[in-house]
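J.: Sequence unavailable; structure follows:
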C-alpha cells in the first residue's frame, strides 16, 4: 500500500495508486459550492506527484472505500491543494460511505467504462415540479466524473437540493460520464401515487344526480357539446337519447375487402324472404306514387 509518507519513492511500472487519507467535508474549506455540487474531491499535492510517476489512464478516476462498512463509491479529482494526509469530499458522498469527519478512507486509482445508460429515482415528489428534468440533470452531471449504482447523489436547482438514487447504470455498476453520450431515464419518485379515477357526477334531465363510469367518458358522443345563448343564459343541449346512461359505443362498419378502384358499390339492406313471401306475410307490396292528392280548390258538387 502506498501511504502519504512515501510520495517521492520510485515505483515499478504496472503498479496502481493506493493510499489512505483522513476524510473531511468540503465545508471545512469554506465556501466551495463548486465541489459540494459535484462528484469530485480535493487531494494533497503528494498524491499528484505519486500519480505522475505511475502508468495510469486519464482522466484520473478513483474508488473510495470505507473499510469499516465496506461501502464504496467512485469519483474524480478537482484539485491537489489539500493538506497532507487529508482529502475533502462532498457531504453527500460522506453519507453514502457512512463516514464522519476525520475517518480514514482508502483511495484506489481505477479505470471505468464509459456510460451508455443510467436510471435515477428521485427521493422526493417535489422533483416532479421541474419542467425539464433531463435538462436539469444533464447540466448538474457536468460537475460529476463517475456514477455508482446504489449511490444517492445531490443536485441543486433554483436554490433547492434534490436527491437522486442511482438505480441502474450500463455497461457496469460504476461508469465514467466524462465526454459520453448517455441515455437517461427516471423511475417514479419515492412516495408517488398514481392518481385514481373518480366517477364523475352528472345531472340528468329530471334534476337527479347520477354517477358515470370513467370508461364511458372515453366513448364518442356526437354533438355532445353545450350551446351558448345570446342572452347569456346557460342551457344544456343534451337530449334524452344523448345522456351518458343511454349512450352506447358507436358501431363500426365492416370494410369491403372486394373493393376495386374506379368502381362504386350501392349497398341496400334487404329483409330476408322465406318461400317468396316476407317474414310477416302481412306487409303490402311497394307501389310507386300510391299517395292521395289534394286540390287547392274543391269542386262544387251538384
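T.: Sure, I can see it. Computed from a predicted model, the values in this text were never measured in an experiment.
J.: how about the most centrally placed residue in the chain, phi and psi?
T.: With distances taken as CA atoms, centre = their mean, residue 186 lies nearest the centre of the chain, 4.7 Å away. Here is the backbone geometry of residue 186 (degrees, to the nearest 10): phi -120, psi 140.
J.: Per-residue pLDDT of the residue lying closest to it once chain neighbours are set aside, please?
T.: Once flanking residues are discounted, residue 186 sits nearest to residue 120: 5.7 Å by CB to CB, 6 or more residues apart in numbering. Placement of C-beta: from N, CA and C, glycine included. Predicted confidence (pLDDT) for residue 120: 95.
J.: Residue 124 now?
T.: pLDDT, residue 124: 91.
J.: Same check on residue 241?
T.: Note on residue 241: pLDDT of 46.
J.: In which helix or strand does the residue nearest to residue 186 reside?
T.: Secondary-structure assignment from DSSP states H and E places residue 120 in strand 117-122.
J.: which other helices and strands contact that strand?
T.: If contacts are counted by 3 or more CB pairs under 8 Å, 6 or more residues apart in numbering; DSSP states H and E, strand 117-122 sits against strand 160-170, strand 183-186.
J.: if we can go back for a sec, from residue 164, how far out is the residue nearest to residue 186?
T.: Distance, residue 120 to residue 164, by CB to CB, to the nearest Å: 4 Å.
J.: again with residue 296
T.: As judged by CB to CB, residue 296 and residue 164 stand 88 Å apart.
J.: neighbour count winner among these two?
T.: residue 164 (25 against 4; other CB atoms under 10 Å).
J.: who's that one bridged to?
T.: Note on residue 164: beta-bridge partners residue 122, residue 153, judged by DSSP bridges.
J.: now the one 5 residues further on
T.: Beta-bridge pairing of residue 169, defined through DSSP bridges, involves residue 118.
J.: give me the number of residues near the nearest residue to residue 167 once chain neighbours are set aside?
T.: Of all residues not flanking residue 167 in the chain, residue 119 sits nearest, at 4.5 Å (CB to CB, 6+ apart). By other CB under 10 Å, 17 other residues sit near residue 119.
J.: which residues touch residue 119?
T.: 166-169, 184-187 (CB atoms under 8 Å, 6 or more residues apart in numbering).
J.: This structure: helices as residue ranges?
T.: In the chain, the helices defined using DSSP state H lie at 33-36, 45-53, 91-97, 133-140, 214-217.
J.: So which of the helices and strands packed on strand 117-122 is nearest residue 257?
T.: Closest to residue 257 of the helices and strands packed on strand 117-122, according to CB to CB: strand 183-186, at 43.0 Å.
J.: gap between that closest one and the chain center?
T.: In terms of CA atoms, centre = their mean, to the nearest Å, the gap separating the centre of strand 183-186 from the centre of its chain is 8 Å.
J.: Give me the sheet partners of it and which way each runs.
T.: By DSSP bridges, strand 183-186 pairs with strand 117-122 (parallel).
J.: list the buried ones in the strand it pairs with?
T.: Using 16 or more other CB atoms under 10 Å as the test for burial, strand 117-122 gives 118-122.
J.: What distance do you get for the residue nearest to the centre of the chain to residue 193?
T.: The value you get for residue 186 to residue 193, if CB to CB is used, is 16 Å.
J.: what does residue 123 give?
T.: 16 Å.
J.: Neighbour count for these two, which is higher?
T.: The neighbour comparison of residue 123 against residue 193 (other CB under 10 Å) goes to residue 123, with 16 against 7.
J.: what about the closest residue to that one other than its chain neighbours, neighbour count?
T.: Closest residue to residue 123 apart from its sequence neighbours, by CB to CB, 6+ apart: residue 163 at 4.1 Å. Number of residues near residue 163 (other CB under 10 Å) recorded here: 17.
J.: any weak-confidence spans in the stretch 101-250 of the chain?
T.: Counting by pLDDT under 70, the ranges of the stretch 101-250 of the chain that qualify are 198-222, 235-250.
J.: Could you rerun that using 80?
T.: 195-229, 232-250 (pLDDT under 80).
J.: all strands for it, in order.
T.: 104-110, 113-114, 117-122, 146-148, 152-157, 160-170, 174-176, 183-186, 201-203, 209-211 (DSSP state E, counting those that start in this stretch).
J.: what packs against the shortest one?
T.: For strand 113-114, the packing partners by 3+ CB pairs under 8 Å, 6+ apart come out as strand 174-176.
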